[in-house]
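Chemist: Fold the following for me, if possible:
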Amino acid sequence: MTTALTAVSFWLSFEALHDLASAHRLHGERAWAWPATVDAFIAIGELLILRASLMQRVDWAAITLTAVGSLGSIALNVAGVGASHDPLDYVTAAVPPVAALLAFGVLMRQAHGFLVSRQSVLTAPPVPSAAPVTAPVEAQPAQESLESEEPVHSPVDKPVMTEEPETVTEPEQPPGELTQRERIDLIVRALYDSLGNRRPGTRHIRQALADAGLPNSDGTCREARIRVETAEPHLRDLPDAIAA
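Modeler: As a prediction, this is how the structure comes out:
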């Protein structure tokens with residue numbers, strides 16, 4: 001309904017401005033194109049205001065553009081009536097541009113609410129959720145290596161080695177003692193947020209890992225991104241970030 005109201009309001013405003021242009025030496029395509037030089041500023045200004053609100057800032061240039069386009073459209077619609085003794089003639093002429101401004105503003109507000117709600121859904125999962133994916137994988141080699149070393153030791157050391165796998169539990173270590181793969185996955189997962197909800201490219205991942213002093217080959221970068229996106233499938237739907 002908001003879209004229909006916006007379309008009808010702009011159409012009525014265009015019709016009035018078209019008639020004004022036709023009465024002042026513009027005909028054919030030029031008479032139809034001329035209203036866009038006035039009413040189009042309303043749409044452009046409203047879209048720039050939507051963009052600024054999504055970026056959580058105020059764009060005074062966009063507000064000024066919308067105000068100038070709206071006032072100009074209203075003034076020209078009213079001027080097209082000419083001399084009249086009936087005030088309702090001027091009210092009728094002013095209604096379409098005012099309705100176009102308000103209806104398009106409501107439409108942009110609805111679009112803003114939809115985009116903000118979608119953004120909150122995409123950013124809902126916490127960053128540490130990627131850690132459980134790699135923790136069990138790191139624990140198995142540690143236990144297998146301890147078990148494989150048992151036959152090498154003398155029988156005197158056997159009672160001691162059978163108890164060590166129970167006390168050495170790497171997945172239960174404090175967060176400050178993460179394995180190398182866990183650190184890589186956490187750095188890669190953080191890139192999705194730092195890039196503004198976009199999928200990092202191999203160059204982004206390689207630079208971040210190099211800054212952290214971690215392995216950063218192309219294969220390591222791709223495997224880390226696959227692990228993170230397997231844990232959080234919604235990350236695959238994000239747009240790709242453009243590498244600088």
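
Chemist: what's the following helix or strand after the worst-scoring helix or strand of the chain on mean pLDDT?
Modeler: Every helix and strand of the chain was ranked by mean pLDDT, DSSP states H and E. The lowest is helix 158-167, at a mean of 43. Next helix or strand after helix 158-167 toward the C-terminus (DSSP states H and E): helix 180-194.

Chemist: which other helices and strands contact that next one?
Modeler: helix 131-149, helix 202-211, helix 218-231 (3 or more Cβ pairs under 8 Å, 6 or more residues apart in numbering; DSSP states H and E). C-beta here means a position set from N, CA and C on the backbone, and glycine is covered the same way.

Chemist: just flag whichever of those helices has the lowest average confidence.
Modeler: When those are compared by mean pLDDT, helix 131-149 comes last with a mean of 49.

Chemist: check contacts around the nearest residue to Ala212 once chain neighbours are set aside.
Modeler: The spatially closest residue to Ala212, leaving aside those adjacent along the chain, is Ile187, at 5.8 Å (Cβ to Cβ, 6 or more residues apart in numbering). Neighbour list for Ile187: 205, 208-209, 212, 214 [criterion: Cβ atoms under 8 Å, 6 or more residues apart in numbering].

Chemist: Apply 7 Å and report the result again.
Modeler: Residues near Ile187 by Cβ atoms under 7 Å, 6 or more residues apart in numbering: 208-209, 212.

Chemist: swap in Ile42?
Modeler: By Cβ under 7 Å, 6+ apart, the neighbours of Ile42 are 66, 69-70, 73, 100-101, 104.

Chemist: burial of Gly219, as a residue count?
Modeler: By other Cβ atoms under 10 Å, 9 other residues sit near Gly219.

Chemist: gap between it and Ile226?
Modeler: 11 Å (Cβ to Cβ, to the nearest Å).

Chemist: same deal with Ala103?
Modeler: In terms of Cβ to Cβ, Ala103 sits 46 Å off from Ile226.

Chemist: Can you list the helices and strands that the longest helix along the chain packs against?
Modeler: Scanning the chain for the longest helix, with DSSP state H as the assignment, gives helix 87-122. When contacts are defined as 3 or more Cβ pairs under 7 Å, 6 or more residues apart in numbering; DSSP states H and E, helix 87-122 packs onto helix 2-22, helix 36-54, helix 60-79.

Chemist: what angle separates the last one from helix 2-22?
Modeler: Same thing as helix 60-79. Here helix 60-79 points in a direction 60 degrees away from that of helix 2-22 (axes from the mean of the first three to the mean of the last three Cα atoms, to 10 degrees).

Chemist: what's the model's confidence in helix 60-79, averaged?
Modeler: 86.

Chemist: For that helix, buried residues please.
Modeler: 62, 65-66, 69-70, 72-74, 76-78 (16 or more other Cβ atoms under 10 Å).

Chemist: The longest one now?
Modeler: By 16+ other Cβ under 10 Å, the buried positions in helix 2-22 come out as 5-6, 9-10, 12-14, 16-18, 20-21.

Chemist: Then the shortest one?
Modeler: Of the residues in helix 36-54, those with enough neighbours to count as buried (16+ other Cβ under 10 Å) are 38-39, 41-43, 45-46, 48-50, 52-53.

Chemist: May I have that helix as CSV, with CA atoms only?
Modeler: This file holds the C-alpha atoms of helix 36-54, laid out as CSV (Å, rounded to 0.1, in the frame of the first residue of the first chain):
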residue,chain,number,x,y,z
ALA,A,36,12.1,14.7,-13.1
THR,A,37,14.4,17.7,-12.6
VAL,A,38,12.2,18.6,-9.6
ASP,A,39,10.6,15.4,-8.2
ALA,A,40,13.6,13.2,-8.6
PHE,A,41,15.4,15.2,-5.9
ILE,A,42,12.9,14.0,-3.4
ALA,A,43,13.6,10.3,-4.2
ILE,A,44,17.4,10.9,-4.3
GLY,A,45,17.4,12.8,-1.0
GLU,A,46,15.2,10.2,0.8
LEU,A,47,17.5,7.4,-0.4
LEU,A,48,20.6,9.2,0.9
ILE,A,49,18.9,9.7,4.2
LEU,A,50,18.2,6.0,4.4
ARG,A,51,21.9,5.3,3.6
ALA,A,52,23.0,7.7,6.3
SER,A,53,20.6,6.2,8.9
LEU,A,54,22.0,2.7,8.2
